[in-house]
Every structure is written in structure tokens, then in C-alpha cells.
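Engineer: need a 3D model of the sequence below.
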Amino acid sequence: MIYRHEFFNLNNDLQIAYSINNTELHIVGEAYVLLLALCEKGSMFMEDVKELLGIDKNYEGRRIREDIEKINHAVGKEIITMTEIEDEFDEKTVVSLRGGENIIKEN
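Structural biologist: Take a look at the predicted model:
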């Protein structure tokens, strides 16, 4: 599967992300897993991100913030954001891919 975003392309079969100029981006490990999940879903609650990456639910999220920074730095734009939202019972963090709703998926 290939995901085409406004600022990058991700080839899941090869597990490689490319800039829009077809330069390979250095996005590996947990950062790659996070980017792939956000390409598929657009946004996720922090609890779901922790579960995806096998991180304890009580963990504060520094590693995840570092992965987000790695992706944003590699792409050269702030494409992944974290937003705090409040609902009736508690506060939740949403991790989102900007422009995720416009991703083109190709087999």
C-alpha cells in the first residue's frame, strides 16, 4: 500500500517514507509505525498510540513526543500535532496527521 500525502509518500510494502521530491526520509522504528497508523486513521487518542507502540498506559509520553518531532523534522513541516480535548469525564490527548483526510491510498 502506498499513502500519498501533500508533503510525503509512504510505501508500506518497502517500509520507506519519501519526500514529495522522492528523497528517502529517515523515519524508522516507532516513528514509522506511528506515521503509518496515522496515515491509515488520520488521528488517534494518546491511549491508542501507547497501546500501538507497546507503551505502559501510565507513561507520560516523552518518547511519543520525540517520535512526533522526528517525523516533523524529517518531513520539514509540522504534520503531526497533539491536541488536548476535554470531555465530560476527563482530558484526552489526540495525535493527528494534518491533511490526513486527504491522503490518497494506492495498492
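Engineer: show me where the chain has helices.
Structural biologist: For the chain, the helices defined by DSSP state H cover 29-41, 46-53, 62-75.
Engineer: the nearest residue to Ile85 once chain neighbours are set aside: how many residues sit nearby?
Structural biologist: Residue nearest to Ile85 in three dimensions, not counting chain neighbours: Lys92, with 5.5 Å by C-beta to C-beta, 6 or more residues apart in numbering. (Each C-beta comes from the backbone N, C-alpha and C, glycine too.) Neighbourhood size, Lys92 [other C-beta atoms under 10 Å]: 13.
Engineer: does Lys92 touch Asp48 like I think?
Structural biologist: No - contact criterion C-beta atoms under 8 Å: Lys92 and Asp48 do not qualify, at 10.2 Å.
Engineer: for this protein, what are the low-confidence residue spans?
Structural biologist: 88-90 (pLDDT under 70).
Engineer: pick out the residue closest to the middle of it.
Structural biologist: Nearest to the geometric centre of the chain sits Leu35, at 3.2 Å (C-alpha atoms, centre = their mean).
Engineer: pull the contacting residues for the closest residue to that one other than its chain neighbours.
Structural biologist: Leaving out its chain neighbours, the residue that sits closest to Leu35 by C-beta to C-beta, 6+ apart is Ile71, at 5.4 Å. Ile71 is in contact with 27, 31, 34-35, 79-80, counting by C-beta atoms under 8 Å, 6 or more residues apart in numbering.
Engineer: report how many residues lie close to Gly29.
Structural biologist: That count, for Gly29 with other C-beta under 10 Å as the rule, works out to 10.
Engineer: quick check: it vs Gly54, distance?
Structural biologist: Distance from Gly29 to Gly54, counting by C-beta to C-beta, to the nearest Å: 12 Å.
Engineer: residues in contact with the closest residue to Glu91 other than its chain neighbours?
Structural biologist: Excluding the flanking residues, the one nearest Glu91 by C-beta to C-beta, 6+ apart is Glu84, at 5.8 Å. The contact partners of Glu84, by C-beta under 8 Å, 6+ apart, come to 91-93.
Engineer: try Thr81
Structural biologist: 95-96, 98.
Engineer: over to Ile2?
Structural biologist: 9-13, 105-107.
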